[in-house]
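Q: Have a look at this prediction, sequence included:
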Amino acid sequence: MTHYLSRIAFIVATIVVLVPRLAGAQENGIDSGDTAWMLTASVLVLFMTIPGLSLFYAGLVRSKNVLSVMMQCFALTCMVTILWTAYAYGLAFGDGGGLNAFIGAGKLFLLDVGVETVSGSIPESVFQMFQLTFAIITPALIVGAFAERMKFSAMMVFMALWLTVVYAPVAHWVWGGGWLGDLGVLDFAGGTVVHINAGVAALVLCLVIGRRKGHPGTPMPPNSLVLTVVGASMLWVGWFGFNAGSELAADGVAGMAMAVTHIATATAGFTWMMVEWRTHGKPSVLGIATGAVGGLVAITPASGTVGPLGALAIGAAAGVFCYLGAGSLKRYFGYDDSLDVFGVHGVGGFVGAMLTGVFTAEAFGGAGLDNGIGTQVWLQFVGAAATIAYSGVLTFVLAKAIDATMGLRVTAAEESEGLDISLHDEAGFNL
């Protein structure tokens with residue numbers, strides 16, 4: 001009898017303890033599983049920038065500039081974090097009142113973001129941290145376009161202004177309750193906000209700043225494809241946080257986003273390899289790694305709405321079009337996009353954005369469209385075109401203003417010596 005009474009007492013005590021906790025969990029709306037996943041996803045996306053993107057770019061430049069691109073990525077991580085905390089999160093995700101279709105406001109210094117504030121089923125502190133990692137990697141991507149020839153001081157000033165007047169407003173348009181999201185533009189994880197935005201800015205910057213000294217006549221081979229492949233591999237792994245994390249929950253959509261991200265990436269890398277093999281007679285390590293990154297870019301806007309069939313198609317298209325963008329297109333127009341930011345991110349982001357409007361349809365295994373395919377593709381084009389125009393014009397204005405006041409480019413002597421020594425007084429390799 002005593003045994004049964006003790007068991008009953010244990011059950012009653014458990015109920016007394018757990019019921020208020022469960023009620024509290026429902027009251028504040030936080031789901032522990034979703035929160036745990038989003039904490040992990042935030043770490044994965046930050047992992048993409050430092051060290052993933054840093055190593056990817058460091059291997060592609062010449063040895064005398066290896067530290068300069070790593071320093072730029074690291075310094076941007078620090079600066080963007082400060083600006084995001086101070087005001088940029090509010091610009092992207094705050095309530096802009098009468099101007100909310102175009103820009104947010106408030107949340108200065110995250111004073112309104114506390115332990116108890118909730119965004120969906122996760123703490124708002126976690127949501128803003130996840131979005132911060134996107135704000136960090138977007139300007140860091142642009143670094144590859146002007147690698148080996150831009151002043152560090154000018155880069156920091158430009159990126160601070162660009163985050164404020166370009167990235168934050170475009171993020172608000174799509175994800176923060178702005179006009180593109182209301183219009184019905186699909187961008188699950190940043191094909192428009194991140195990749196088209198950064199790709200166009202990269203193209204404008206490399207045009208304004210001009211070619212590297214000796215380009216294209218002087219060979220400028222990568223200093224370490226080992227570093228590049230390691231970096232690309234880290235990007236591949238970290239991108240699961242980028243895409244699957246954008247569901248903001250640990251559910252079936254996040255699971256499918258992870259699956260299609262992997263499928264598209266593998267398909268793009270394989271496609272690039274086969275095209276290059278047929279065209280040049282040998283498949284290159286640089287090619288397959290770059291192709292995989294193109295696949296990651298192209299599946300990003302579609303990752304939450306397409307199925308495996310769509311992932312295969314988008315990956316194959318990215319392998320072909322990014323190959324052409326980084327090769328034939330750049331050679332034809334003669335611009336010096338040092339590390340093919342526009343060819344991979346600009347072209348790949350546009351291809352992915354357009355194909356999202358096709359393969360989201362249920363007929364192709366997608367989540368389904370509120371509009372017909374033709375209408376959705378048109379909406380995708382409107383979103384891409386608006387981002388291209390806005391980012392292109394504002395980037396040009398900022399670049400010309402900075403060039404006129406403090407100068408964008410290092411001196412010819414500094415460029416010849418290499419930015420590691422001339423700007424940072426350090427060497428990447430002491431051999």
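A: The structure has been received and is ready for your questions.
Q: Can you list the low-confidence ranges for the stretch 151-300 of the chain?
A: For the stretch 151-300 of the chain, no stretch is flagged by pLDDT under 70.
Q: In it, mark out all the helices, start to finish.
A: For the stretch 151-300 of the chain, the helices defined by DSSP state H, counting those that start in this stretch cover 152-162, 168-175, 179-183, 197-209, 225-244, 252-280, 285-299.
Q: right, so of these, which gets closest to Gly346?
A: Closest approach to Gly346 among those is made by helix 197-209 (2.3 Å; Cβ to Cβ). In this view, the C-beta of every residue, glycine as well, is placed from N, C-alpha and C.
Q: Residues in contact with the closest one: which ones?
A: Contact with helix 197-209 is made by 138-139, 141-142, 144-146, 149-150, 158, 162, 166-167, 170, 335-338, 341-342, 344-350, 387-388, 391-392, 395-396, 399-400, 403, 408-409, as judged by Cβ atoms under 8 Å, 6 or more residues apart in numbering.
Q: which among those end up buried?
A: 138-139, 141-142, 144-146, 149-150, 158, 162, 166-167, 170, 335-338, 341-342, 344-350, 387-388, 391-392, 395, 399, 403, 408-409 (16 or more other Cβ atoms under 10 Å).
Q: In strands, which of those fall?
A: Nothing among the buried ones among the contacts of helix 197-209 maps onto strands, per DSSP state E.
Q: Return the subset of those residues lying in helices.
A: Among the buried ones among the contacts of helix 197-209, the members falling in helices (DSSP state H) are 138-139, 141-142, 158, 162, 170, 341, 347-350, 387-388, 391-392, 395, 399, 403.
Q: Now stretch 301-313: average pLDDT?
A: Average pLDDT, stretch 301-313: 98.
Q: Over to stretch 137-145?
A: Rounded mean pLDDT across stretch 137-145 is 98.
Q: With stretch 42-55 instead?
A: On average, the pLDDT along stretch 42-55 is 97.
Q: Over to stretch 413-424?
A: 97.
Q: Same check on stretch 107-118?
A: 93.
Q: so how far is it off the chain centroid?
A: With Cα atoms, centre = their mean, to the nearest Å as the basis, stretch 107-118 stands 24 Å off its chain's centre.
Q: If you count neighbours, what's buried in that stretch?
A: The neighbour-count check on stretch 107-118 (16+ other Cβ under 10 Å) flags Lys107, Leu110, Val113, Val118 as buried.
Q: and which of those residues is nearest to Lys282?
A: Leu110 (51.9 Å).
Q: So Thr228 versus Ala292, what's the distance?
A: Distance of Thr228 to Ala292, given as Cβ to Cβ, to the nearest Å: 11 Å.
Q: right, I mislabeled it, should have said Phe429
A: From Phe429 to Ala292 the distance is 26 Å (Cβ to Cβ).
Q: ditto for Leu324
A: Going from Leu324 to Ala292 by Cβ to Cβ gives 16 Å.
Q: More neighbours: which of those two?
A: The neighbour comparison of Leu324 against Ala292 (other Cβ atoms under 10 Å) goes to Ala292, with 30 against 15.
Q: if I read this right, the more buried one contacts Thr267, doesn't it?
A: No - assessed by Cβ atoms under 8 Å, Ala292 is found out of contact with Thr267, at 9.3 Å.
Q: Count the residues that sit near Val204.
A: Per other Cβ under 10 Å, the neighbour tally for Val204 reads 23.
Q: Find the residue closest to it in space, skipping its chain neighbours.
A: Thr395 (4.4 Å; Cβ to Cβ, 6 or more residues apart in numbering).
Q: wait, the one you found sits on Leu163?
A: No - between Thr395 and Leu163 there is no contact under Cβ under 8 Å: 11.9 Å.
Q: Arg211 - nearest residue in space that isn't next to it in sequence?
A: Excluding the flanking residues, the one nearest Arg211 by Cβ to Cβ, 6+ apart is Asp336, at 3.9 Å.
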